[in-house]
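Asks: Sequence plus predicted model, see below.
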Amino acid sequence: MSEAEALAGELEVDLGAIVANWRDLGARHPSGPAAGVVKADGYGLGAAPVARALAGSGCRHFFVAQLSEGLALREALGHGPMIAVLGGFPAGADAGAALTPVLNSPRDVAAARAAGLRGAILHVDTGMERLGLNAAELTAAGDLSDLGLRYVMTHLACADTPDHPLNAAQAARFAAAAEALPGVPRSFANSAGIFLGRDFASGLARPGCALYGINPTPGLPNPMRQVLRLTVPVLQLRQVPAGVTVGYGATWTARRDSRIATIAAGYADGYPRALSGRSFATAAGRPVQLVGRISMDLITLDVTDVPELAQGDRVELIGPQQTPDDIAARTGTIGYEILTSLGARYRRRYLPA
């Protein structure tokens, strides 16, 4: 390890755990395979290494959000697996890239027809009120058999709230829409939707967050394996007498003679400033409190009770003791946001699948 690497945070990504989660989700969805959703650079963990691990384990369907992501993923994977672009793209923009556009509007359908495009995915809106053709637009589109659609899909709005009435409404609306497209395979469940039962089964599930260890069943034990561990080095240790403040705004005052560790991470690295004074790290296997304000590049910890901790040692900010879901709960957000905010300054290390 170089000197520069020794001073950087390290994000350890367990590709074997991601593959295990994909297999588990596929087993829970026996009506058809599970895709790998790797948008937003694999939820912040690295789309190329994640997708290569999944493809090497048999995954043949991938979803990204934007054309640029699809082009990069095709380069990483080579020819073979389907790579669908959820946001769609202009007809002809994928020349030579063999990407699959998702058609989200009547205009997309008309453009696909004009270009003679075949093999797209049609998105119908069943209650998200975001992208997709609504029922009236689908009827107006008429016979779509000339498009040779690979799948018809919809997106669940409330799958992580199993008893929400919109789930059943969307299932009924999607069934009706799919009936108008005989012979076209369906793609329905997202991560949480896989756990909703047979009414949400289809020819292709599209799990995203659950692949990366986020709990797809909030309020219940997490059935997924954790996939990442974030460790950062101690840059400096200092003795702070009782009564002395630490950090911006002097918001924390030592109540005893204390030993303070400054570590190399901050909100510029995706560790939310809102966690100031409300979270902890793990040092030498023991929890240590974050004290003072989290700044752009630095965090301070009270390590008084870990006397063996030395400069250069690493502490864990995310891992088994504190998952992305745990951090999200403390900041009033979701684990997805924590993952996708993890900064580019972290050195990423991949454990093999």
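Replies: Arrived safely, thanks for sending.
Asks: Please parse this structure into its domains.
Replies: What the record gives for the chain is the domain set 15-212, 228-322, from automatic domain parsing.
Asks: where are the low-confidence patches of the stretch 1-150 of the chain?
Replies: 1-6, 95 (pLDDT under 70).
Asks: quick one: the strands in it?
Replies: 10-14, 36-37, 61-64, 82-85, 100-103, 121-123 (DSSP state E, counting those that start in this stretch).
Asks: rewinding a little: take the domains of the chain and write them to JSON lines, including mean neighbour count.
Replies: C-beta here means a position set from N, CA and C on the backbone, and glycine is covered the same way. Converted to JSON lines, the domains of the chain look like this (neighbours: other C-beta atoms under 10 Å):
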{"stretch": "domain 15-212", "mean neighbour count": "19"}
{"stretch": "domain 228-322", "mean neighbour count": "18"}
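Asks: Which strand or helix spans the nearest residue to residue 279 once chain neighbours are set aside?
Replies: Sequence neighbours aside, residue 290 is the residue nearest to residue 279 in space, at 5.0 Å (criterion: C-beta to C-beta, 6 or more residues apart in numbering). Here residue 290 sits within strand 286-291, counting by DSSP states H and E.
Asks: Scan this structure for its longest strand.
Replies: Longest strand in the chain by number of residues (criterion: DSSP state E): strand 228-240.
Asks: What helices and strands are in contact with that strand?
Replies: Counting contacts by 3 or more C-beta pairs under 8 Å, 6 or more residues apart in numbering; DSSP states H and E, strand 228-240 is packed against strand 10-14, strand 258-263, strand 314-318.
Asks: hang on, the earlier thing: surely the residue nearest to residue 279 and residue 277 touch.
Replies: Yes: counting by C-beta atoms under 8 Å, residue 290 touches residue 277, with 6.4 Å between them.
Asks: would you list the helices and strands packed on strand 228-240 in JSON lines and tack on distance to residue 162?
Replies: Compiled in JSON lines, the helices and strands packed on strand 228-240 are given as follows (distance: least, C-beta to C-beta, whole Å):
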{"stretch": "strand 10-14", "distance to residue 162": "28"}
{"stretch": "strand 258-263", "distance to residue 162": "39"}
{"stretch": "strand 314-318", "distance to residue 162": "27"}
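Asks: And those: which comes nearest residue 64?
Replies: Comparing those by their distance to residue 64 (C-beta to C-beta), the top pick is strand 10-14, with 18.2 Å.
Asks: starting at the chain centroid, how far to that closest one?
Replies: Remark: strand 10-14 is offset 15 Å from the chain centroid, using C-alpha atoms, centre = their mean, to the nearest Å.
Asks: neighbouring strands for it, and are they parallel or not?
Replies: Strand partners for strand 10-14, identified by DSSP bridges, are recorded as strand 228-240 (antiparallel), strand 347-351 (parallel).
Asks: got the ones you listed as CSV, with distance to residue 8 and mean pLDDT columns?
Replies: As requested, the strands paired with strand 10-14 are arranged in CSV below (distance: least, C-beta to C-beta, whole Å; pLDDT from 0 to 100):
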stretch, distance to residue 8, mean pLDDT
strand 228-240, 8, 97
strand 347-351, 5, 96
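Asks: With distance to residue 74 added, can I get the ones you listed in TSV?
Replies: Listed next are the strands paired with strand 10-14 as TSV, based on distance: least, C-beta to C-beta, whole Å:
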stretch	distance to residue 74
strand 228-240	25
strand 347-351	20
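Asks: Tell me which of those strands lies nearest to residue 282.
Replies: Comparing the strands paired with strand 10-14 against residue 282 with C-beta to C-beta, the closest turns out to be strand 228-240 (9.1 Å).
Asks: which is the next helix or strand following the closest one?
Replies: Taking DSSP H and E as the definition, the helix or strand that follows strand 228-240 towards the C-terminus is strand 245-246.
Asks: can you give me how far that following strand is from the chain middle?
Replies: Using C-alpha atoms, centre = their mean, we find the averaged C-alpha position of strand 245-246 to lie 36 Å away from the chain's own average C-alpha position.
Asks: I'd like the mean pLDDT over it, please.
Replies: Averaged across strand 245-246, the pLDDT comes to 97.
Asks: Please work out which residues outside that strand touch it.
Replies: Applying C-beta atoms under 8 Å, 6 or more residues apart in numbering, the external contacts of strand 245-246 come out as 240, 251-254, 260, 291-292, 300.
Asks: check which helix or strand covers residue 176.
Replies: Element membership of residue 176 [criterion: DSSP H and E] is helix 165-179.
Asks: Contacts made by that helix with the rest, please.
Replies: 124, 126-127, 135, 138, 152, 154, 156-159, 161, 184, 186, 188, 196, 199-200.
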